[in-house]
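Engineer: Got a sequence here, can you model it:
(2 chains)
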There are 2 protein chains.
Amino acid sequence: MTLSERQLANAIRALAMDAVQAANSGHPGMPMGMADVATVLYSDYLKFDPSDPKWADRDRFVLSAGHGSMLAYATLHLAGYARPTMDDIRNFRQLNSPCAGHPENFELAGIETTTGPLGQGLATAVGMAIAERHLNAIYGDDLVDHRTWVIAGDGCLMEGINHEAIGLAGHLQLGRLVVLWDDNKITIDGSTDLSTSEDVRARYAATGWHVDSCDGHDPADICRAIDGAIADNRPSLIACRTVIGFGAPNKQGTSATHGSPLGADEVAAARETLGWTAEPFVIPADIAEAWKAFGAKGKALHAEWNSRLARNEKKTDFSDRLNGQVAPGAAFKAYLDGLVAEPPKVATRKASENALGALTADIDALVGGSADLTGSNNTKTSSTKPLTKSDYSGRYIYYGIREFGMAAAMNGMALHGGIVPYGGTFLVFADYCRGAIRLSALQRQRVVYVMTHDSIGLGEDGPTHQPIEHLQSLRAMPNLLVMRPADAVETAECWAIALAQDSRPSLLALTRQNLPPLRHDVTENLCLKGGYRLRAASAAKKVVLVATGSEVSLAIEVADKLEAAGQGADVVSMVSTELFDEQDAAYQADILPADTLIVSIEAGTTFGWERYTGRDGLRFGIDSFGASAPIDDLYRHFGLTGDAITSQILARLGA
Amino acid sequence: MTLSERQLANAIRALAMDAVQAANSGHPGMPMGMADVATVLYSDYLKFDPSDPKWADRDRFVLSAGHGSMLAYATLHLAGYARPTMDDIRNFRQLNSPCAGHPENFELAGIETTTGPLGQGLATAVGMAIAERHLNAIYGDDLVDHRTWVIAGDGCLMEGINHEAIGLAGHLQLGRLVVLWDDNKITIDGSTDLSTSEDVRARYAATGWHVDSCDGHDPADICRAIDGAIADNRPSLIACRTVIGFGAPNKQGTSATHGSPLGADEVAAARETLGWTAEPFVIPADIAEAWKAFGAKGKALHAEWNSRLARNEKKTDFSDRLNGQVAPGAAFKAYLDGLVAEPPKVATRKASENALGALTADIDALVGGSADLTGSNNTKTSSTKPLTKSDYSGRYIYYGIREFGMAAAMNGMALHGGIVPYGGTFLVFADYCRGAIRLSALQRQRVVYVMTHDSIGLGEDGPTHQPIEHLQSLRAMPNLLVMRPADAVETAECWAIALAQDSRPSLLALTRQNLPPLRHDVTENLCLKGGYRLRAASAAKKVVLVATGSEVSLAIEVADKLEAAGQGADVVSMVSTELFDEQDAAYQADILPADTLIVSIEAGTTFGWERYTGRDGLRFGIDSFGASAPIDDLYRHFGLTGDAITSQILARLGA
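Structural biologist: Below is the predicted model:
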């Protein structure tokens, strides 16, 4: 007999029910509702080779509604990926199983991006779709010719980031992006009528998308809609009308199936309803075979692609680039030498622009942008012409006023491979994209955040624009490299460090205001140590001044005054606390001796600086919101002047 | 002669040009572009009484495009508010001037909300409009019958929060909300064509809004559009087609006018173009008089309103409520007594629900909600029926999957007055609404964030849902009261503290998992001290264990083991570091003696705990991302067990 698509889809349903039931935790409703759509996608459309999950020209599939993770695990397993195994699925949501509560790219090769925080999967997919078009423009159809597919739920569509993401996708006319919306009219709280009255299709259409609907349980209708999406040159939204928890006779169509196990009785009833007679975690051989066959087409396409790659003159370049090999070259070397020859007094945002000028000349993979602050973030260089819908080969993206969408798109580009994305906004608006910064860090992606206007030093724009808690709150985030350079040399060093990371994002905190040159030697990248002695005490050492960014030159001024008073003072530039914390204990103890007064100076919250100063040290900073005034008035107002700091240190020393 | 509306509008333009020029900093383009619209709004529509900026039934005007602050300062001054004075305006963007770079509600009584972080003004206005309808439903048209007006720019409309805000407003059919969109087709980076292709009007229409357009420089056409908006029962968007920097002959219509002074030459040319002959900061008497007359109608309406209030039987209730007077009453007292009689073993999220059950019975002003996690955040009580478009008297808002929109709306409700808003989401999604939490804190508003699932204790949902850095990153924020109670009594105390705040928001971090009762006495609110000795050492004190929330019971277990080993250990429940830091030095030294090993235990980052432990103490926590597994496995995996912690403490003590 021929297997119906329904029977194939029921394999997803059975695994979802069983795994959630075994874990006594999870979300069966979405996988059961979208099983038919997923089956059609895998059988007829998705280009994939289960034997090589990282094939560069595979289609990308993003489960934006990440709570439905069992749909991803079930399809990967059924389609013949090495992992997850059935044992992995049996251990769904258990310690050390790659089948985590939400899909994690670092656990399974077949998972393209970590999802769960709603809305971000789709926004990340936009970045993947940009990456595909950009690399296609450079390497041609022979090497880059794939699609990005998304399954998204109502949550993904209600989140604010959805607006930013689809606005960007519509503007850039990303026709190879198809979003399959699980239109089940149910959220956790109940019917969508409780909280929304939106005409989603009309909204997407207003943003330049092709829109259609289909019966999400009718394979033919799903195919019709997807064919229409492929034929259209705009990004596509397909509203798949589904029943959440499809097949669970007493609970389907209700929020009861969303986030809880169905319970043994309802699982049994569902098996009955679906005609699924196999034991838990068992897939009948004919169904297993049919699923495995889905990958055959992709396998063949992959083989053809391999041949094309072997013949392609850009073969090595393409492979290196997709493998993430980037390194500063001649232009950057020349730039560094120039910094020594003529040390500039510039804002570190300007120093970043200058470093980027060299780096973007050296490294084609660098694709930049800004959330509508190009001239303020200094993110555009002469090598980066705009990436537009009529020229995807450009390397500069006008992201618009969409910080969160920008950050998620950068994650998508980095995950896609072949691109090292960087993007700018004001540091204070890290708050607007913090959810995506966290996913850069969790997903271990080389994304570079160019965050300018990094303190009250921005002046008149006032407290809404002045970061206070931001540096420390970002340093508190795992696996994010925060760097705050003090001059042009340090800025260049930080860029080199950011590009050398292979498993974490970096965030550069840069000034609006000019800073004097402090470093005159570039033979060693001193910033690699995180914190280093920029200047050693002349008199007997009584104090170590630990400062960052714009406050390092202030620390030098304080040190001068202390030395004049006979008190020896080291100045440490603490460019990155993360890197400093990674040094060995001997190095740390040498820089921050236990028997010396340690003083921190940073124009932000003092919270957390006790890590270096201890309870007995001194911390200079700002523990309230900022104010609107010219920069010098502000530094005075907040007590961050050489005189004010020196006098308090002298008082503490009893000197 | 009769003054034209254009002449009146030119007063705004002149002040904007002159103030920005004098400060050599600021944004002239928006005030000059929207001057005609603002003039029409003030002359014909806005209900205000300049002699009483806090009149409860005034219309609310929100300048969502906060960078155009000079428009707000100019109109307030011209309309006859006591502040800003012309001297204030002369000192635009200078230290101690109330005319800050962006409008600040705490600097000027006439500023309804602090704006600048784009998109939030409009989203805050949605909360104001909800508050108006809710109070109208309770107190009737006699006392509550006003509108909310917003001027928004392209940035406000592109930000993701715009989608959340207008979705909520459309769903709740907030017909008294009118958004005047400064449709000038320019952003900082240049033409809006660089980054967006959206049909904004169609998007708003899709979300249930009335939409119209007008010529933003034609008073009659502006009136026509506003009249239409008022007549419609949906919220309204009016696209005001304007020229940015209108009147500056060489720069108008370009991004050059957006965020920089025009320069002396262009200011002179603009005066010429506009026919404005007065000296800088001088308003001709006839124009000044005409502007002052705008307030006459509102003054009269205010007088009538005063009479109605005096006659109203709910007069005292209304006034107390608008003055923010709320206090727990009999139900809460009974609830506390019950906790002593029968100490429950419950999750603190459940304890919060129980406390709220009493508090919402006692306090009508409490209006709650959740971003689609009602059953998880435990935010709904029997006293709070849904607030819907057909019944605005409800006190529970199904915010949908809109964390940022929820938080901004809560700010709007608090700013409006008469409502103490609380709302829930998972703690990890504080990242999604952090921008609005910061504005709660900066604006000094009594908003209560109910953040549940506050650690790896949530279990299987895994690292995307497990907060790690969140508690510390929120504690780093100025003026936010973060509280993490350890049992039901502490949870109740924290609620009482949150409601007693008159100038800061609170955030309650609550567990998913059950916790044992630790407190058996409610005669004193011990949480008021921030950190207090929950249990004193029996043996000679060698260690102070400082823990929060779910880790306090773990600390008790550790203390038991230490005492069994002959090492005396205090247990301190550090409910709120902010409150503890506000205690006097003697109290702090008593709780955390300098000569004792201080150990912190919190299932989150250890970053920042050095404030209490010093560099020599021990910090137990999690400095990586979490994992997906059952709770007990996770606590073991991350070394947060009584045995693991005790053995390390004993090793440190050499015992």
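Engineer: For A:Ala441, grab phi and psi.
Structural biologist: Dihedral angles of A:Ala441 (phi, psi; degrees, to the nearest 10) stand at phi -70, psi -50.
Engineer: quick one: contacts for A:Gln7?
Structural biologist: Applying C-beta atoms under 8 Å, 6 or more residues apart in numbering or on different chains, one finds that A:Gln7 lies in contact with A:Gly275, A:Ile287. From N, CA and C alone the C-beta is placed, and that goes for glycine too.
Engineer: Would you list the phi and psi of A:Ser538?
Structural biologist: Main-chain dihedrals, A:Ser538, degrees, to the nearest 10: phi -90, psi -60.
Engineer: Wait, it touches A:Glu563, no?
Structural biologist: Yes: counting by C-beta atoms under 8 Å, A:Ser538 touches A:Glu563, with 5.3 Å between them.
Engineer: okay, the two: which has more neighbours?
Structural biologist: Legend: neighbour count by other C-beta atoms under 10 Å in any protein chain shown for A:Ser538 and A:Glu563, higher for A:Glu563 (17 against 13).
Engineer: Is that one inside a helix or a strand, and which specific one?
Structural biologist: Following DSSP states H and E, one finds A:Glu563 within helix A:550-564.
Engineer: next one: A:Ile161
Structural biologist: Judged by DSSP H and E, A:Ile161 forms part of helix A:160-171.
Engineer: which residues sit against that helix?
Structural biologist: Contacts for helix A:160-171 (C-beta under 8 Å, 6+ apart): A:119-120, A:122-123, A:126, A:129, A:156, A:177, A:204, A:207-209, A:234-235, A:237, A:389, A:399-400, A:402, A:404-406, A:408-409, A:435-436, B:158-164, B:195-198, B:402, B:404-405.
Engineer: got the angle for it vs helix B:160-171?
Structural biologist: Inter-element angle recorded for helix A:160-171 and helix B:160-171: 110 degrees (by axes from the mean of the first three to the mean of the last three C-alpha atoms, to 10 degrees).
Engineer: avg pLDDT for the following helix or strand past helix A:160-171?
Structural biologist: Sequence order places strand A:177-183 as the next helix or strand after helix A:160-171, per DSSP H and E. Averaging pLDDT along strand A:177-183 yields 98.
Engineer: Can you give the distance of whichever helix or strand comes after strand A:177-183 from its chain's centre?
Structural biologist: Counting by DSSP H and E, the next helix or strand C-terminal to strand A:177-183 is strand A:186-187. The chain centre lies 27 Å from the centre of strand A:186-187; the measure is C-alpha atoms, centre = their mean, to the nearest Å.
Engineer: How about strand A:186-187 and chain B, touching?
Structural biologist: Yes: using C-beta under 8 Å from any C-beta of the partner chain, we find that strand A:186-187 touches chain B at A:Thr187.
Engineer: measure A:Val428 to chain B for me?
Structural biologist: To chain B, A:Val428 is 8 Å away according to C-beta to the nearest C-beta, to the nearest Å.
Engineer: and that residue, what does it touch?
Structural biologist: A:His453, A:Thr464, A:His465, A:Gln466, A:Pro467, A:His470, B:Pro117.
Engineer: Are we agreed that the second one is in a strand?
Structural biologist: No: counting by DSSP: H, G, I helix; E, B strand; the rest coil, one finds A:Thr464 to be coil, located in no strand.
Engineer: Can you report how many residues lie near it?
Structural biologist: Number of residues near A:Thr464 (other C-beta under 10 Å) recorded here: 26.
Engineer: Was I right to think it contacts B:Gly435?
Structural biologist: No: under the criterion of C-beta under 8 Å, A:Thr464 is not in contact with B:Gly435, lying 9.8 Å apart.
Engineer: Name the residues contacting each of these two.
Structural biologist: The contact sets of A:Thr464 and B:Gly435 overlap at B:Pro117 (C-beta under 8 Å, 6+ apart).
Engineer: Can you mark which positions in the helix holding A:Glu563 are buried?
Structural biologist: Judged by neighbour count (16 or more other C-beta atoms under 10 Å in any protein chain shown), helix A:550-564 contains these buried residues: A:550-563.
Engineer: ok, back up a step: mind checking which of the contacts of helix A:160-171 land in strands?
Structural biologist: Taking DSSP state E, the ones among the contacts of helix A:160-171 that sit in strands are A:Leu177, A:Leu237.
Engineer: Which of the contacts of helix A:160-171 fall within helices?
Structural biologist: Counting by DSSP state H, the part of the contacts of helix A:160-171 found in helices is A:120, A:122-123, A:126, A:129, A:156, A:204, A:404-406, A:408-409, A:435-436, B:158, B:160-164, B:404-405.
Engineer: if you skip the residues just before and after it, what's nearest to the residue of the stretch 301-450 of chain A found nearest chain B?
Structural biologist: Chain B sits closest to A:Gly400 of the stretch 301-450 of chain A, with a gap of 3.2 Å, by C-beta to the nearest C-beta. Once flanking residues are discounted, A:Gly400 sits nearest to B:Ser195: 3.2 Å by C-beta to C-beta, 6 or more residues apart in numbering or on different chains.
Engineer: Pull the contacting residues for that neighbour.
Structural biologist: B:Ser195 neighbours (C-beta under 8 Å, 6+ apart): A:Leu168, A:His171, A:Asp372, A:Tyr398, A:Tyr399, A:Gly400, A:Ile401, A:Arg402, B:Met158, B:Thr187, B:Asp189.
Engineer: repeat that for 7 Å
Structural biologist: With contacts defined as C-beta atoms under 7 Å, 6 or more residues apart in numbering or on different chains, B:Ser195 is in contact with A:His171, A:Asp372, A:Tyr398, A:Tyr399, A:Gly400, B:Thr187, B:Asp189.
Engineer: residues from the stretch 1-150 of chain A in reach of chain B?
Structural biologist: By C-beta under 7 Å from any C-beta of the partner chain, the part of the stretch 1-150 of chain A that sits against chain B consists of A:23, A:25, A:66, A:93-95, A:100-102, A:114, A:116-118.
Engineer: Pipe the residues you listed into JSON lines and attach secondary structure per row.
Structural biologist: Shown next, in JSON lines, are these (three-state DSSP):
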{"residue": "A:Ala23", "secondary structure": "helix"}
{"residue": "A:Ser25", "secondary structure": "coil"}
{"residue": "A:Gly66", "secondary structure": "helix"}
{"residue": "A:Arg93", "secondary structure": "coil"}
{"residue": "A:Gln94", "secondary structure": "coil"}
{"residue": "A:Leu95", "secondary structure": "coil"}
{"residue": "A:Ala100", "secondary structure": "coil"}
{"residue": "A:Gly101", "secondary structure": "coil"}
{"residue": "A:His102", "secondary structure": "coil"}
{"residue": "A:Thr114", "secondary structure": "coil"}
{"residue": "A:Gly116", "secondary structure": "coil"}
{"residue": "A:Pro117", "secondary structure": "coil"}
{"residue": "A:Leu118", "secondary structure": "coil"}
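Engineer: Farthest pair within these?
Structural biologist: For the residues of the stretch 1-150 of chain A next to chain B, the farthest-apart pair by C-beta to C-beta is A:Leu95 and A:Leu118; their separation is 25.0 Å.
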